[in-house]
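Asks: Show me the folded form of this:
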Amino acid sequence: MSSPQNQRLEIECFLLAGKLLMQSGAETFRVEDTMRRMAISQGYTDAVSYATATGVFFSAGHDTPTRIVSVTSRSFHLDKISRINDISRKLTSHQLTVEEAYEALLRIEASGYTIRPAMQIFFAAMASGSFVLLFQGGFHDIPAAVFAGGLGYIFLLLVQQATKIKFFAEFISSLIIGCLAAAAVHLGLGTETDKIIISAVMPLVPGVAITNALRDLIAGHMVSGVSKGIEAFLTALCIGSGIAVALSFM
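Replies: Here you go, the predicted model:
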């Protein structure tokens, strides 16, 4: 059995890994399985882990208190998930010590976003233009979709940073996209309003969230699956409401 100081460090390491995975958009069963495997590799054969969309719980055994960490923000960073998985595999194969794994997790936590906002806006704009062709639109609608998608994503980042309300930011972003698409067609810079709007809002669509919700439900994590599904539904509702308001005014 580890000393109390070492045990505290090990539990902090397991909890931090679970927290970072949940914040980065990992599936609930991945979070629980990763924490449990890390704990077992360090001799905690009775370890129990439990994760929800807003918190991560861990118990090292019957004689230790249950620890809880709060998950206040969630986004999707597949690169972070991959790096955390790599750390957990090295820890379970004893290529890393707990101290080294914990320091590596702290560096990931301090790294912030893996993609700079300017690059996020650029890729959102390029994706919007590409979706025009995917939805069988014309080449003449690509510039309007690129502009609307890029500007809409700028407003998404700005409003979310200013208000910290994700759903309100998505509503404003889709409202801007709807107005720009309608204005582009009115000014003769585009021909199909629906193709421009659908293409420009695609970077906002919660595809990963819906996939994770379904995977959690299939794996039996009803609480997390339902909560993530409701979050994805509210996001879709905000996007649709923003477009509806824009079209009604334009």
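
Asks: Please, where are all the strands along this structure?
Replies: Counting by DSSP state E, the segments of the chain that form strands are 48-51, 55-59, 67-70.

Asks: Of all the ones you listed, which one is nearest Leu16?
Replies: strand 67-70 (7.8 Å; CB to CB). Using the backbone N, CA and C atoms, a C-beta is placed for each residue, glycine as well.

Asks: Contacts for the closest one, please.
Replies: Residues from elsewhere that reach strand 67-70, judged by CB atoms under 8 Å, 6 or more residues apart in numbering: Ile11, Leu15, Leu16, Gly18, Lys19, Thr54, Gly55, Val56, Phe57, Phe58, Ser59.

Asks: Which neighbours in the sheet does it have, and how are they oriented?
Replies: Strand pairing for strand 67-70, using DSSP bridges, gives strand 55-59 (antiparallel).

Asks: Can you give me the buried ones in the strand it pairs with?
Replies: Val56, Phe57, Phe58, Ser59 (16 or more other CB atoms under 10 Å).

Asks: will you turn these into a markdown table that also has pLDDT and distance to Thr92?
Replies: Listed next are the buried residues of strand 55-59 as a markdown table, based on pLDDT from 0 to 100; distance: CB to CB, whole Å:
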| residue | pLDDT | distance to Thr92 |
| --- | --- | --- |
| Val56 | 92 | 18 |
| Phe57 | 92 | 21 |
| Phe58 | 92 | 16 |
| Ser59 | 90 | 19 |
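
Asks: which one of the residues you listed is nearest Leu175?
Replies: Set against Leu175, the nearest of those by CB to CB is Val56 (35.1 Å).

Asks: what are the bridge partners for that closest one, then?
Replies: Ala51, Val69.

Asks: Would you state the helices of the protein in chain order?
Replies: Counting by DSSP state H, the chain has helices at residues 4-23, 28-41, 78-92, 98-110, 117-134, 142-163, 166-186, 193-201, 207-218, 222-249.

Asks: Give me the packing partners of the shortest one, helices and strands only.
Replies: Spelled out, that is helix 193-201. If contacts are counted by 3 or more CB pairs under 8 Å, 6 or more residues apart in numbering; DSSP states H and E, helix 193-201 sits against helix 117-134, helix 142-163, helix 166-186, helix 222-249.

Asks: contacts for that helix?
Replies: By CB under 8 Å, 6+ apart, helix 193-201 touches 128-132, 134-138, 141, 144-145, 148-149, 152, 174, 177-178, 180-182, 184-185, 190, 239, 243, 247.

Asks: and it, how far out from the chain's middle?
Replies: Taking CA atoms, centre = their mean, to the nearest Å, one finds the center of helix 193-201 at 23 Å from the center of the full chain.

Asks: Repeat that for the longest one.
Replies: Its chain's C-alpha centre lies 15 Å from the corresponding centre of helix 222-249 when counted by CA atoms, centre = their mean.

Asks: Hey, what's the angle from it to helix 207-218? Just curious.
Replies: 150 degrees (axes from the mean of the first three to the mean of the last three CA atoms, to 10 degrees).

Asks: Measure how helix 222-249 sits relative to helix 28-41, angle-wise.
Replies: Using the same axes, to 10 degrees: helix 222-249 against helix 28-41 is 150 degrees.

Asks: Many thanks, I have nothing further to ask.
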